[in-house]
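Chemist: Fold the following and give me the result.
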Amino acid sequence: MLSRTADNLYWLSRYVERAEFVARILDAAHRLASLPTSYGGGETNEWASALASAGDPEVFKLHYDAVNTDTVCDFLAFSPHNPSSIRSCIETARENARSVRTALTTEMWDAINGAWLELRSYQGRELNRDEFSRFLDWVKGISLTFDGSAYRTMLRNDTYWFTRLGTALERCDNTARILDVKYKILLPASETVGGSLDYFQWTTILREVSAFNAYHWVYRESIKPLLVADLLILNRQMPRSFANCYTVLVDNLDLIADAYGRRGPSQRLAGNMLARLESEDIDRVFASGLHEFVLAFIDENNQVGAAIAQQYLV
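Modeler: Next up, the predicted model:
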């Protein structure tokens, strides 16, 4: 496979996954903003949290004067100035898909091209709260349709493996940012860890990553930050956990290496990360600092991405 083709497939999957992530972030911010005043609604900084999770605050400041519902929603959903806005992600994903049209199945192309066409009907419109909520559900549906069509219709060859690499790498990066922002920004200093607002925020985080039911199936007890982190970092059964994503990365990197007859830095780095996650203990993570652990993970995950790019995509 040409490196250009692999690059298009890899980034196509990353941008589809990122669009869904931004939609989930915005949905969570709306949920938190609508909490009753007794739980901290109206006094928290969920829109700053959403911006920190999914956008570039410095780019935001160039185009908006204040951080609020309208400005953050516009920046993260529709702004052409934000390369990670839902609009930019879908447009870039479609451009990547168009470049490798013959490598995609009909179902995959229809999913991303249909999304790009329908996106035009939302641009330039003033959406009320219910309409915007339906828009976010539509975006999440695009990712499910695209990912499902890839899983159900693609041959298991290097074309499929590179799409899995992009999805897994983007997904664990998104999960890490959600966890880090919860600790750094979301809970106001005036609120106590373990209080009612903290509980509702963790519940919202679980819903944001489609893990609320999974949490109760695994732990069978009330929401606890340590157990939420355990689910999203170390539990290999959880599709969005660090451990599961790196299992997918290692498996697909190994398949690529076997097919091409050569291993390199990406296999080594991903394998080392998976080994550390498998031997890690969530109590040690909290004792050493969740924020520090997540920051280190994001940095090393970026190194894996750079190694994949250097080894296969340039």
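Chemist: tally of neighbours for the nearest residue to residue 93 once chain neighbours are set aside?
Modeler: Excluding its sequence neighbours, the residue lying closest to residue 93 (CB to CB, 6 or more residues apart in numbering) is residue 15, at 3.9 Å. C-beta coordinates here come from the backbone N, C-alpha and C atoms, glycine included. Residue 15: 25 surrounding residues under other CB atoms under 10 Å.
Chemist: starting at the chain centroid, how far to the strand or helix carrying residue 15?
Modeler: Element membership for residue 15 (DSSP states H and E) is helix 3-33. Taking CA atoms, centre = their mean, to the nearest Å, one finds helix 3-33 lying 6 Å from the centre of the chain it belongs to.
Chemist: In terms of secondary structure, what does that helix contact?
Modeler: Under the contact definition 3 or more CB pairs under 8 Å, 6 or more residues apart in numbering; DSSP states H and E, helix 3-33 sits against helix 46-54, helix 69-77, helix 86-99, helix 129-153, helix 158-181, helix 196-208.
Chemist: let's see it at 6 Å
Modeler: Secondary-structure packing of helix 3-33 (3 or more CB pairs under 6 Å, 6 or more residues apart in numbering; DSSP states H and E): helix 46-54, helix 86-99, helix 129-153, helix 158-181, helix 196-208.
Chemist: For residue 16, which residues are in contact?
Modeler: Going by CB atoms under 6 Å, 6 or more residues apart in numbering, residue 16 touches 93, 143, 146.
Chemist: would you turn those into a markdown table with distance to residue 58, neighbour count and pLDDT?
Modeler: Output for the contacts of residue 16, formatted as a markdown table (distance: CB to CB, whole Å; neighbours: other CB atoms under 10 Å; pLDDT from 0 to 100):
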| residue | distance to residue 58 | neighbour count | pLDDT |
| --- | --- | --- | --- |
| 93 | 24 | 28 | 98 |
| 143 | 27 | 23 | 95 |
| 146 | 30 | 29 | 97 |
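Chemist: Among those, find me the one that's closest to residue 279.
Modeler: Distance to residue 279, by CB to CB, is smallest for residue 143 among the contacts of residue 16, at 31.8 Å.
Chemist: ok, now how distant is that closest one from residue 16?
Modeler: Distance of residue 143 to residue 16, given as CB to CB, to the nearest Å: 5 Å.
Chemist: low pLDDT regions in the protein?
Modeler: Across the chain, residues meeting the criterion (pLDDT under 70) sit at 35-44, 182-198.
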